[in-house]
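>>> Show me how the following folds:
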Amino acid sequence: MGAPTSLDQLQQAISRNYDDLSKRLQQVARFLLEHPNTVALETVASLAEQCDVPPSTLVRFAAAFEYNGFSEMQNLFRQALVEQTSSYSERVKLSKSTVSTTIDASHILEEFSSSNAFSMNHMNHHFSQEMLNKAVDLLENAQNIYLIGLRRAFPISSYFAYSLRHLNKTTHLIDGGGGMLIEQASNIRENDVIIATAFSPYAKETVNVSEYAFKAGAQVIAITDSKISPLAALSDVCFDVKEAEVLGFRSLTSSMTLAQTLLVALAYRLNSDGKMGDTKPIEWQH
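A predicted model of the protein is given here:
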């Protein structure tokens, strides 16, 4: 069939063939899917070091997908980045190591601000109108909406819970409080939707609840960081978000932007004025 001719085709081919790759090649596959901008900008030696494999493994990976060499495959990543980015200096700034002798708060703020801006500026290229509309359709028609996102992903799920309740949608936040994770998920049914959020190394509890929801016939909207995330195969809509990373710390800015996008779009569906619901405040009895 020949080598894939676009980055999207290559990513789909990697996802389809991931389980058949050797352990070393799977390491490379994960890195290529999760860090496409880094792949576009770094040397073979640097990428091999970051993947924790010998440079020859990158060459073998490229050959496994019928490329004549790694550089031929790398060109797909470079072309995709050029199409998305108007400024070469912006690309260099994102990829450049920012380790210095003095790392203070202003330096960190500058790096996170620029990296987050880069990540968010390219979200509209990454998620199609069809994907976004399908997710909003599922939320609009759901009988119940369940939310799970643990550890680093918890802020995304809690924001969904807060906003969906203002839209008068029947909402259940699965947080495992009191050790009752199973009990909180046990009522998921066929007409329900679950929004599952998990990033590498993927909380097992989130994956297990998503599998339960999938088997129960519920629709699954996944917010994750890779096309080979364990949530991808379970989902009706899968958003693989490429978050900014600075000094080893990953942001949540793009994921939160996606959440706000879906919620405001849903608000406009449900309320002609676009407001986030018209619920009255609870009057507490003293």
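>>> Show the residue spans covered by the helices in this protein.
7-17, 23-34, 36-41, 44-51, 55-64, 70-84, 88-95, 105-121, 123-126, 129-141, 154-166, 181-185, 204-216, 253-270 (DSSP state H).
>>> And those helices, which one averages the lowest pLDDT?
Per-stretch mean pLDDT for these is lowest at helix 88-95 (a mean of 48).
>>> who wins for proximity to K242 among the helices of the chain?
helix 105-121 (6.0 Å; Cβ to Cβ). Just so you know, the C-beta spots here come from the backbone N, C-alpha and C atoms, and that holds for glycine as well.
>>> For the residue nearest to V28 when sequence neighbours are not counted, give me its contacts.
Nearest residue to V28, sequence neighbours excluded (Cβ to Cβ, 6 or more residues apart in numbering): F61, at 4.6 Å. If you count contacts by Cβ atoms under 8 Å, 6 or more residues apart in numbering, F61 has them with 25, 28-29, 32, 70, 73.
>>> Quick check: the farthest pair among those residues?
Of all pairs in the contacts of F61, the most separated under Cβ to Cβ is A29 and F70 at 13.6 Å.
>>> Quick check: C51 vs I188, distance?
37 Å (Cβ to Cβ, to the nearest Å).
>>> mind checking pLDDT for the residue nearest to I228 when sequence neighbours are not counted?
What sits nearest to I228 in space, not counting adjacent residues and going by Cβ to Cβ, 6+ apart, is Y18, at 5.0 Å. Y18 carries a pLDDT value of 89.
>>> and Y18, how far is that from A233?
Taking Cβ to Cβ, one finds Y18 at 10 Å from A233.
>>> And the contacts of stretch 181-196?
Taking Cβ under 8 Å, 6+ apart as the rule, stretch 181-196 contacts 138-139, 142-149, 157, 160, 172, 174-177, 205-206, 209-210, 212-213, 216-223, 231, 234-235.
>>> err, stretch 10-26, not the other one
4, 29, 32-33, 53, 57, 60-61, 64-65, 73, 76, 227-228, 232.
>>> cutoff 7 Å now
4, 29, 32-33, 53, 57, 60-61, 64-65, 76, 227-228 (Cβ atoms under 7 Å, 6 or more residues apart in numbering).
>>> Same check on stretch 37-54?
In contact with stretch 37-54 (Cβ under 7 Å, 6+ apart) are residues 24, 27-28, 31-32, 55, 57-58, 70, 74, 77-78, 81, 91, 94-95.
>>> hmm, which two among those are most spread apart?
R24 and R91 (28.5 Å).
>>> Looking at those two, which is more packed in?
Comparing R24 with R91 by other Cβ atoms under 10 Å, the one with more neighbours is R91, at 19 against 16.
>>> And stretch 139-146, end to end?
Start-to-end span of stretch 139-146 (Cα to Cα, to the nearest Å) is 10 Å.
>>> Tell me the buried residues in that stretch?
139, 142, 144-146 (16 or more other Cβ atoms under 10 Å).
>>> How about stretch 145-163?
Neighbour count says stretch 145-163 has 145-150, 153-154, 156-157, 159-161, 163 buried, by 16+ other Cβ under 10 Å.
>>> Report the separation between E66 and F31.
20 Å.
>>> er, T171 I mean
Counting by Cβ to Cβ - T171 and F31 are separated by 36 Å.
>>> before we move on, the earlier item: output the contacts of stretch 10-26 in a markdown table, with distance to N121 appended to each entry.
Converted to a markdown table, the contacts of stretch 10-26 look like this (distance: Cβ to Cβ, whole Å):
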| residue | distance to N121 |
| --- | --- |
| P4 | 25 |
| A29 | 26 |
| L32 | 22 |
| L33 | 20 |
| V53 | 31 |
| T57 | 33 |
| R60 | 34 |
| F61 | 29 |
| A64 | 33 |
| F65 | 29 |
| L76 | 21 |
| K227 | 21 |
| I228 | 25 |
